[in-house]
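*Asks:* how would this look folded up:
(2 chains)
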Protein chains: 2
Amino acid sequence: MKVSKFGGSSVATFEQLKKVLAIIQSDSDRRFIVVSAPGKRHADDTKLTDLFIQYANDFLTNQPVNDIQDAIITRFKAICESADLQEVLAVIKKQIKDLTLMDKSDKKLVIDTFKANGEDNNARLVAAFLTKHHVPAVYMNPREAGIIVDETPHGAKLKPNAYYQSQPPLTSDKIAVIPGFFGYTESGKLCAFSRGGSDISGSMVAALANADLYENFTDVDAIYCANPKLIPDCPTLTELTFKEMRELSYSGFSVLHDEALIPTFYANIPVVIKNTNNPNSPGTMILPESLNVEKRVVGIAADSGFTNIYLSKYLMNREFGFGHSVLNILTEFDLQYDHMPSGIDDISIILRQNQLTPEIESKLINRFKSALAIDEIKVKHHLSMIALVGEGMKQNIGVAARATKALSDHHVNIELLNQGSSEVSIFFGVNEADENQAVQALYQEFFT
Amino acid sequence: MKVSKFGGSSVATFEQLKKVLAIIQSDSDRRFIVVSAPGKRHADDTKLTDLFIQYANDFLTNQPVNDIQDAIITRFKAICESADLQEVLAVIKKQIKDLTLMDKSDKKLVIDTFKANGEDNNARLVAAFLTKHHVPAVYMNPREAGIIVDETPHGAKLKPNAYYQSQPPLTSDKIAVIPGFFGYTESGKLCAFSRGGSDISGSMVAALANADLYENFTDVDAIYCANPKLIPDCPTLTELTFKEMRELSYSGFSVLHDEALIPTFYANIPVVIKNTNNPNSPGTMILPESLNVEKRVVGIAADSGFTNIYLSKYLMNREFGFGHSVLNILTEFDLQYDHMPSGIDDISIILRQNQLTPEIESKLINRFKSALAIDEIKVKHHLSMIALVGEGMKQNIGVAARATKALSDHHVNIELLNQGSSEVSIFFGVNEADENQAVQALYQEFFT
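*Replies:* Numbering: from 1, shown residues only, chains lettered A, B, ... in the order given. This next block holds a predicted model:
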């Protein structure tokens, strides 16, 4: 049994819905369908979710809402009229207008409920559409599907895996169409995920229904092994492991929401990334383990905007708890670090630059100096982190040698190199100005 | 003005003392002499300090002490009789015997005072010896020299640099001979350094006297660039920087006590390692900065007995404070880590294996699992850390490439690689079984 999630561009128009229908009809294993709100119909279009956010803000600030209601309804109307779904359009219209009956006291709840309405109504629409085309389907509310979450200031958060694993498996006689992007707290309060969170809903449904496969339909054929803008004719990946996907997505590969793979990872369910517009393309499989680990370097990811704060103190390594004190100060400044490699008498803190203003940076440095009696502090901005990713990297004697030689031959200075702490990647820190050169050098060495 | 410290083997016999005399006579800048207790006269000999430790233990446990007193006195007597220093021998004998007049209530003070007596008496002996040979010299007590320390359970600890920098510069009309190995707390209590601590005394005297050079006389001509047991005809180093020395001494280069370079480092005083038995050899200079940084790879150090504890957790890098929690647990177990490199969803803790028993290890792993919900923990013992050391390493594009290729060509798998967090070294973690092979490979690449 398969759970299939369709992203915003896959359900943006009647033409797209017909492709979704054909996909579902072509495989009777597709029993749970998770949908986003209708996305962009063309490059300059506005996503429906953005219209709902404006609607919520206008409502909360007591602005007139007729125009924005109309703009939203028009989008659903276009699809429903083409698809001859007048009945469900009436329901959708009422749902959209009735949002203004909400109590305004809990602003977060208002915004989440408005935002989630795009997915919610779209699930009704898709269920009606499938049924009309002889694929019996029902709308299923996320609460009924078991998408129970914890509320946090940054959006819905998954509960520990054990919670979901203790639930009875989700079943449905007809094909169930479930809106993505939101769940409910245990007390029944609606709570939306962060943007892109429909991917999480799909993955959770796959885990809750104990699916054999989670299909994530989007608008790309597959995941590339590097940035196709830098590498002409860049090859795509037929399969990679969950861990490889994580390393790649950390550094600029934003195919899936970061948290989307958690439920399937822990439930050991493979994920496939497929293209609604080209469903016969095999896509990219994300698997718990790879069958073919020996030779693997699967991808090169890169991300810019890192800062290195270098602290040096004579005989640092004999000070018990020095690293601990460094982390205490970072916590005090509410800063999240990405890496903290150390030498004997020095330590480097690699963190995302966007957390630092010149003022925060200067206060932080003064705090380090005064609290830890640092001999020398150097701050280096504009670093890129390049990850060379692949399971089995650890067993391969020559990978680091080939990678460092390739970078050296292309005159890329390695500011930082971290191998072995991850079993599936080697990290290189380089100057942002060298990032593209570094990716191309590694691509040439490992993929051509 | 120079401060010259002579180690145990340099003052073990009358023959050795004559060499010390010649060294002091040859350069009138040598104004402060710091001495160890007489060391081994031949490979099977016992160090005088070990005899004093036995003496202290016998005294504290109310055993007869005549034999051990005799054994100690015999050593001084042999030197004094050869050197015709009967007068000072009488003083030394009385000092040694009078130790038993001590109150036994503060055991640590008893042990420290007994241990320090070897250095203390030897300073009297050397001062008398120099004076007899027309080099006017006086014994100077460490308290008088300004060796004021803090007492800790593990031995005397230096105060912050500012404390010593605020003292008036140490002066002496005659050549001052100061016993190494111990100092006094501010309240006047004797307190010994950890073993090998005479190196620290010498460095402190250099800083307190504002010397131009600190000479550390020992029994090797110079510091080798790698382990000479592994590398036939291994070259020696004419100079290296304080930071390079630190990196080398961390990993198996035990020429100087770890803390010995702190006072001279902060006082910006060069240090030279010289051989009492071959004083015309230039030795190895340790300098604040190098004049010649471009091409530098100065040494290869290696040390075994490391363990890597690898923790993996899906989406670890999104958990704020994860590294902090790891350190809290290490602190709870009183474990000191050496490095903690991290990937995206994994972190490696490199620590000295001798801190772990199977029981501690098993408790630690259970604690990590229960407190942090780790997906996977792997423990790897018997790792060696190899350091390729040299200032200017960071600017040199090809060093990492050459090093990794050399290791790969010699079939050494790199378990861990850490470059860039230290400006003067690259660290490689390899299996202990590959350590010698790795050192030889790096030596061939960078030194032949």
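
*Asks:* A:Ile200 and A:Phe182 touch, don't they?
*Replies:* No: applying CB atoms under 8 Å as the test, A:Ile200 and A:Phe182 come out as separate, 10.0 Å apart. No exception for glycine: its C-beta is placed from N, CA and C like everyone else's.

*Asks:* With neighbour numbers in mind, choose between those two.
*Replies:* A:Ile200 (31 against 27; other CB atoms under 10 Å in any protein chain shown).

*Asks:* quick one on the thing from earlier: are there residues contacting both of A:Ile200 and A:Phe182? Which ones?
*Replies:* Common neighbours of A:Ile200 and A:Phe182, using CB atoms under 8 Å, 6 or more residues apart in numbering or on different chains, are A:Phe193.

*Asks:* Which of the three states applies to A:Ile414?
*Replies:* coil (DSSP: H, G, I helix; E, B strand; the rest coil).

*Asks:* what's the burial count for it?
*Replies:* Neighbour count of A:Ile414, defined by other CB under 10 Å: 24.

*Asks:* List phi and psi for it.
*Replies:* The phi/psi pair for A:Ile414 (degrees, to the nearest 10) reads phi -90, psi 110.

*Asks:* Quick one: mean pLDDT for the helix or strand containing A:Thr331?
*Replies:* Using DSSP states H and E, the secondary-structure element containing A:Thr331 is helix A:322-332. The average pLDDT within helix A:322-332 is 91.

*Asks:* Sort out which residues of it are buried, please.
*Replies:* For helix A:322-332, a neighbour-count test (16 or more other CB atoms under 10 Å in any protein chain shown) marks A:322-324, A:326-327, A:330 as buried.

*Asks:* any chance you could map the helices in the stretch 151-300 of chain A?
*Replies:* A:161-165, A:198-208, A:242-250, A:262-267 (DSSP state H, counting those that start in this stretch).

*Asks:* residues in contact with stretch A:127-145?
*Replies:* Stretch A:127-145 has contacts (CB under 8 Å, 6+ apart) with A:17, A:21, A:24-25, A:32-33, A:83-85, A:87-88, A:123-124, A:126, A:170, A:172, A:174-179, A:182-184, A:188, A:201, A:204-205, A:208.

*Asks:* Just give me how far that stretch sits from the chain centre.
*Replies:* How far stretch A:127-145 lies from its chain's middle: 26 Å, per CA atoms, centre = their mean, to the nearest Å.

*Asks:* Can I get the helices of the stretch 151-300 of chain A in CSV including mean pLDDT and distance to chain B?
*Replies:* Below are the helices of the stretch 151-300 of chain A laid out as CSV (pLDDT from 0 to 100; distance: least, CB to the nearest CB, whole Å):
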stretch, mean pLDDT, distance to chain B
helix A:161-165, 84, 9
helix A:198-208, 96, 12
helix A:242-250, 84, 5
helix A:262-267, 92, 5
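
*Asks:* Please identify the most buried of these.
*Replies:* Highest mean neighbour count among those (mean count of other CB atoms under 10 Å in any protein chain shown): helix A:198-208, with a mean of 29.

*Asks:* Extract the CA atoms of that helix and return them as CSV.
*Replies:* Provided in CSV are the C-alpha atoms of helix A:198-208 (Å, rounded to 0.1, in the frame of the first residue of the first chain):
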residue,chain,number,x,y,z
SER,A,198,2.6,19.0,3.9
ASP,A,199,5.6,16.8,3.2
ILE,A,200,5.6,16.0,7.0
SER,A,201,1.8,15.2,6.9
GLY,A,202,2.4,12.8,4.0
SER,A,203,5.3,11.1,5.8
MET,A,204,3.2,10.8,9.0
VAL,A,205,0.3,9.3,7.2
ALA,A,206,2.7,6.8,5.6
ALA,A,207,3.9,5.8,9.0
LEU,A,208,0.5,5.8,10.6
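
*Asks:* about what we covered before: other SSEs contacting the very next helix or strand once past the helix holding A:Thr331?
*Replies:* Sequence order places strand A:337-339 as the next helix or strand after helix A:322-332, per DSSP H and E. Contact partners of strand A:337-339 among helices and strands, from 3 or more CB pairs under 8 Å, 6 or more residues apart in numbering or on different chains; DSSP states H and E: strand A:346-352.

*Asks:* does any part of the strand it packs on sit near chain B?
*Replies:* Yes: legend: contact between strand A:346-352 and chain B by CB under 8 Å from any CB of the partner chain is shown at A:346-348.

*Asks:* So for the next helix or strand after that strand, mean pLDDT?
*Replies:* Sequence order places helix A:358-372 as the next helix or strand after strand A:346-352, per DSSP H and E. Helix A:358-372 comes out with an average pLDDT of 95.

*Asks:* Chain B contacts on the stretch 101-250 of chain A?
*Replies:* With CB under 8 Å from any CB as the criterion, the stretch 101-250 of chain A comes near chain B at residues A:160, A:242-243, A:246-247, A:250.

*Asks:* any idea which element A:Phe76 lies in?
*Replies:* A:Phe76 belongs to helix A:66-83 when assigned by DSSP H and E.

*Asks:* Identify the residues contacting whatever residue of the stretch 51-200 of chain A ends up closest to chain B.
*Replies:* Per CB to the nearest CB, the residue of the stretch 51-200 of chain A with the smallest distance to chain B is A:Pro160, at 7.3 Å. A:Pro160 is in contact with B:Ala373, counting by CB under 8 Å, 6+ apart.

*Asks:* any idea how far it is from A:Asp258?
*Replies:* Taking CB to CB, to the nearest Å as the measure, A:Pro160 falls 17 Å from A:Asp258.
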